[in-house]
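J.: Got a sequence here, can you model it:
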Amino acid sequence: SVHSPGEKISKLGKLLSLDNEVEFYRQLLSFWDSSSSDSIQDPLRSLFTKAIPATKFSRLQGMELMDMASYLPDDILVKVDRATMAVALEAREPLLDYRLVELSFEIPDNLKISGSKGKWLLRQVLQKYIPNDLIERPKMGFGIPLGDWLRGPLRDWSEESLSPNRLENIPWIPAADIRQMWTQHLSGEVNWQYHLWNVLMLSNWMRGS
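T.: Below you'll find the model as predicted:
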């Protein structure tokens with residue numbers, strides 16, 4: 001799993017070696033290593049570099065802006081919208097009310113993070129209304145056995161989507177490297193589930209299927 005202790009330590013080590021906040025943010029959210037092909041990195045680096053006027057904001061504010069420009073609309077909010085609309089629910093995100101967003105950029109960084117505690121000010125407010133054991137609970141993800149699915153019921157579809165002919169038609173990725181990752185994943189040598197899933201989605205989107 002990508003959440004195994006070894007992989008977490010490896011990712012932390014790579015993050016600590018970075019001195020550029022844009023690259024730090026990109027590497028924090030990306031499954032792709034900084035040493036990956038430049039053709040994979042360039043679109044993200046270009047987006048973040050152009051979107052964030054670093055001189056006007058603190059590092060924390062810059063990362064918040066990058067969240068709003070990419071992670072929220074391209075990932076988290078998409079998942080919420082699809083999951084709720086699939087069962088005919090209309091979701092609302094009150095913390096994204098534009099007035100709260102504007103206020104958040106006026107709040108000093110030290111009221112957002114205190115020591116190792118994130119969302120510090122929000123936690124203080126919630127403690128007035130919600131039992132502390134509900135506030136301090138660890139995050140609970142919604143992981144699926146994607147790696148096993150790619151080796152099992154999705155194997156034929158994945159093989160077709162990752163075929164040399166399909167990959168060579170995608171100019172932004174190194175086809176030979178992806179094929180090697182696919183071989184390693186099938187053998188169980190390395191769990192490349194999330195890397196491969198990204199490429200699978202791109203391959204099928206490019207094909208229009």
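
J.: helix or strand right after the lowest-mean-pLDDT helix or strand in the chain?
T.: Least confident helix or strand, the chain: helix 38-51 with a mean of 53, by mean pLDDT, DSSP states H and E. Where DSSP states H and E defines the elements, the next helix or strand beyond helix 38-51 is helix 59-66.

J.: Would you mark the buried spots in that following helix?
T.: Neighbour counts over helix 59-66 (16 or more other C-beta atoms under 10 Å) mark 61, 62, 63, 64, 65, 66 as buried. Backbone N, C-alpha and C define where each C-beta goes, glycine included.

J.: Residue 138 versus the second one, what's the distance?
T.: With distances defined as C-beta to C-beta, to the nearest Å, the gap from residue 62 to residue 138 amounts to 27 Å.

J.: before we move on, back to that, and of the buried residues of helix 59-66, the nearest to residue 106?
T.: Nearest to residue 106, judged by C-beta to C-beta, of these is residue 61 at 10.3 Å.

J.: how many neighbours does the residue nearest to that closest one when sequence neighbours are not counted have?
T.: Spatial nearest neighbour of residue 61, excluding adjacent residues (C-beta to C-beta, 6 or more residues apart in numbering): residue 105 at 6.2 Å. Neighbours of residue 105 under the rule other C-beta atoms under 10 Å: 11.

J.: quick one: pLDDT of residue 105?
T.: Each residue has a pLDDT score; the one for residue 105 is 88.

J.: so what's the backbone phi/psi at it?
T.: Per-residue torsions, residue 105: phi -80, psi -10 (degrees, to the nearest 10).

J.: for this structure, which spans come out with low pLDDT?
T.: Applying pLDDT under 70 to the chain flags the ranges 1-27, 29-55, 209.

J.: What segments of it are helices?
T.: Listed in chain order, the helices of the chain (DSSP state H) span 5-16, 21-29, 38-51, 59-66, 77-85, 98-104, 120-126, 132-135, 146-151, 155-161, 164-167, 175-187, 193-207.

J.: Of those, which is nearest residue 92?
T.: Closest of the helices of the chain to residue 92 is helix 77-85, at 9.7 Å (criterion: C-beta to C-beta).

J.: now what about that closest one, what contacts it?
T.: If you take C-beta atoms under 8 Å, 6 or more residues apart in numbering as the criterion, helix 77-85 is touched by 90, 91, 93.

J.: now do 10 Å
T.: For helix 77-85, contacts defined as C-beta atoms under 10 Å, 6 or more residues apart in numbering pick out 71, 72, 89, 90, 91, 92, 93, 96, 142.

J.: Next, the contact list for the nearest residue to the second one once chain neighbours are set aside, please.
T.: If I follow you right, that is residue 72. Spatial nearest neighbour of residue 72, chain neighbours left out: residue 96 (7.6 Å); criterion: C-beta to C-beta, 6+ apart. Residues near residue 96 by C-beta under 10 Å, 6+ apart: 68, 72, 77.

J.: how near is residue 195 to residue 100?
T.: For residue 195 relative to residue 100 (C-beta to C-beta), the value is 35 Å.

J.: Likewise for residue 161?
T.: From residue 161 over to residue 100 (counting by C-beta to C-beta), the distance is 41 Å.

J.: Then residue 199?
T.: According to C-beta to C-beta, residue 199 stands 37 Å off from residue 100.
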